[in-house]
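Participant: I'd like to go over a predicted model; first the sequence, then the structure.
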Amino acid sequence: MDTDDRDLGDERPPDADEMPATRLRRSAVLGRLAATEAAKYAGTYAANLTRSPQEAEDAIGRRQVEAAQQMVRVLGSMKGVAMKLGQMLSVADLGAVPEPYRADVQAALSQLRDAAPTVAFKDMRRVLEQEYGEPVDRVFAELDQEPIAAASIGQVYRARLHDGRAVAVKVQYPGIAAAVRADLQNLGPLLRIAKQIIPGLDVEGTAAEVRERMHEELDYELEAANQRAVARAHRGHPFIVVPEVVGDLCREKVIVMDFVEGLGHERIRALPQDERDRVAEMIFRFYFGCMYRHHQFSGDPHPGNSLLLADGRMAFLDFGLFKRISAAAADSELEIQRLGIEDRGAEMIERMAAAGMLPNPERATPEGVIAQFRAYSWWFTTDAVLELDPSLATRIVLEFSDPTQGQFQRIRHERLPAEHVFGRRLEMMTLAVMSQLRPRGNWFRVAREWLYDAEPETELGRQEAAYYASRA
């Protein structure tokens, strides 16, 4: 595995080895942060009474950037729910942040997508031995003490089994379950901080998603089952690799899987254009293909969750947040997308209403639903070669959540089926991962394969078509 995407360098929070575990300690940390930021915002708003509108907007923008940076510093040292919330905010609605400051706010929050502090091996060893009920050296012939990756609730180590098999061992942080329980009770202060940075934040919806995601991610046995299912669906695939799980060594707080080694996104970004284009297409095919072909998918595409292997294939990792949808739901999504592509807004309203996506269809207009659809999908529904970049991903997120978009805004705030919400999240997060590579391609010509059952037009598409034909 490549660790360059996890290296914080000088940005590592100063208290990286500390993880306040009790509700009282974590409440104190978050309470101080919330109170401090609230006081600073109050001071800014008071001072704005004597400023011009432009000066006031600039002051609010600077305050939001400073608050985001402070939030990253504090949450980056806490792991658990606090850090997961920060990761979610990095792709949240930034429409209320003054335009000149949006990129800086997102840049600050996005640090939490790619970084996590590490815990000393002696503490992680204790978790392993508690889970296995015996010394680590009886379970593994070798286990490197330096983690190769770190995330919000666990770390990954390289190891070798007694039969010589190279494996990766993912271990939960000690005390993380208690920290998560404490954080779930502390969502109030956390979300107050978040809402100061992002005034348009849906607090109720965000709280519900945090609770669901963290409960799922703490269950490593469930994650192992998810990974096993995706690995089975892609076994023998020409360019997608999902490491096989070593089932008899997985526990509630430990996952063991085949070790894979490759380039992370930081190094992929330095590759020639044609190689970056190919990697982006593999990422696109994996995430969208999982949803529309296999009806099961990772709900959290992330730059650190894929590696380019030496043989040119892509390995995909981390299935803690995992969603399954029915074939009917997937077909409904595809039908609505086809109607949007073909500019059939009236029929789109009817189909969305039937699918529960428009509880108040009388408020919708054909122009409105088409505008909404194009705002988030045009990058893969436009028949043209496009170059993706991080600013494009940011712009699509902003357009999708822009509070000035009238009909678009009203539709956005309807209560949508979970499948639809996670489908949109998958699309936006996949774009965010791809765009970091600045790839070029006609993404619509790829998407046509599942949208219209069209013949593939790329070499990867032909390889994939042959693979699925051989399994039919």
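Facilitator: Happy to help now that I have it.
Participant: who's in contact with residue 291?
Facilitator: 297, 325, 330, 423, 426 (Cβ atoms under 8 Å, 6 or more residues apart in numbering). Yep, even glycine has a C-beta here, placed from its N, CA and C like the rest.
Participant: again with residue 54
Facilitator: By Cβ under 8 Å, 6+ apart, the contact list for residue 54 is empty.
Participant: Please tell me how far the helix or strand containing it is from the chain's geometric centre.
Facilitator: Assigned by DSSP states H and E, residue 54 falls within helix 53-75. Going by Cα atoms, centre = their mean, to the nearest Å, the spacing between the C-alpha centre of helix 53-75 and its chain's C-alpha centre is 24 Å.
Participant: In that helix, which residues are buried?
Facilitator: 56-61, 63-68, 70-75 (16 or more other Cβ atoms under 10 Å).
Participant: Just the contacts of residue 291: which are in strands?
Facilitator: residue 297 (DSSP state E).
Participant: tell me the mean pLDDT for stretch 273-280?
Facilitator: Mean per-residue pLDDT for stretch 273-280: 98.
Participant: How about residues contacting it?
Facilitator: Outside stretch 273-280, the residues that touch it by Cβ under 8 Å, 6+ apart are 268-269, 271, 308, 312, 314, 388, 434, 437-441, 460.
Participant: and if we set it to 10 Å?
Facilitator: When contacts are defined by Cβ atoms under 10 Å, 6 or more residues apart in numbering, stretch 273-280 is touched by residues 239, 263, 265, 268-272, 306, 308, 312, 314, 387-388, 430-431, 433-441, 443, 446, 458-460.
Participant: Give me the PyMOL select line for those residues, limited to the buried ones.
Facilitator: Burial among those is assessed by 16+ other Cβ under 10 Å; the matching PyMOL selection reads:
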select buried, resi 239+263+265+268+306+308+314+388+430+431+433+434+435+436+437+438+439+441+443+446+458+460
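Participant: In helices only, show me the contacts of stretch 273-280.
Facilitator: Using DSSP state H, 265, 268, 430-431, 433-435, 443, 446, 459-460 are the members of the contacts of stretch 273-280 that sit in helices.
Participant: Export those residues to CSV and append columns for distance to residue 349 and pLDDT.
Facilitator: Formatted as CSV, the ones in helices among the contacts of stretch 273-280 follow (distance: Cβ to Cβ, whole Å; pLDDT from 0 to 100):
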residue, distance to residue 349, pLDDT
265, 39, 87
268, 41, 96
430, 26, 91
431, 25, 91
433, 32, 89
434, 30, 93
435, 30, 90
443, 26, 98
446, 28, 98
459, 39, 98
460, 35, 98
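Participant: Which one of those is nearest to residue 50?
Facilitator: Lowest distance from residue 50 to the ones in helices among the contacts of stretch 273-280 (Cβ to Cβ) belongs to residue 435, with 41.2 Å.
Participant: Let me know the angle separating the longest helix along the chain from helix 53-75.
Facilitator: Taking DSSP H as the criterion, the chain has its longest helix at helix 23-48. Computed with axes from the mean of the first three to the mean of the last three Cα atoms, to 10 degrees, the direction of helix 23-48 lies at 170 degrees from that of helix 53-75.
Participant: Off-centre distance for helix 23-48?
Facilitator: The chain centroid and the centroid of helix 23-48 are separated by 27 Å under Cα atoms, centre = their mean.
Participant: swap in stretch 142-149?
Facilitator: Distance of stretch 142-149 from its chain centroid, counting by Cα atoms, centre = their mean, is 25 Å.
Participant: Please identify the buried residues of that stretch?
Facilitator: Going by neighbour count (16+ other Cβ under 10 Å), the buried part of stretch 142-149 is 143, 147-149.
Participant: Which strands or helices does the longest helix of the chain pack on?
Facilitator: If you count contacts as 3 or more Cβ pairs under 10 Å, 6 or more residues apart in numbering; DSSP states H and E, helix 23-48 packs onto helix 53-75, helix 80-89, helix 176-185, helix 187-197.
Participant: at 7 Å what do you get?
Facilitator: On a contact count with 3 or more Cβ pairs under 7 Å, 6 or more residues apart in numbering; DSSP states H and E, helix 23-48 meets helix 53-75, helix 176-185, helix 187-197.
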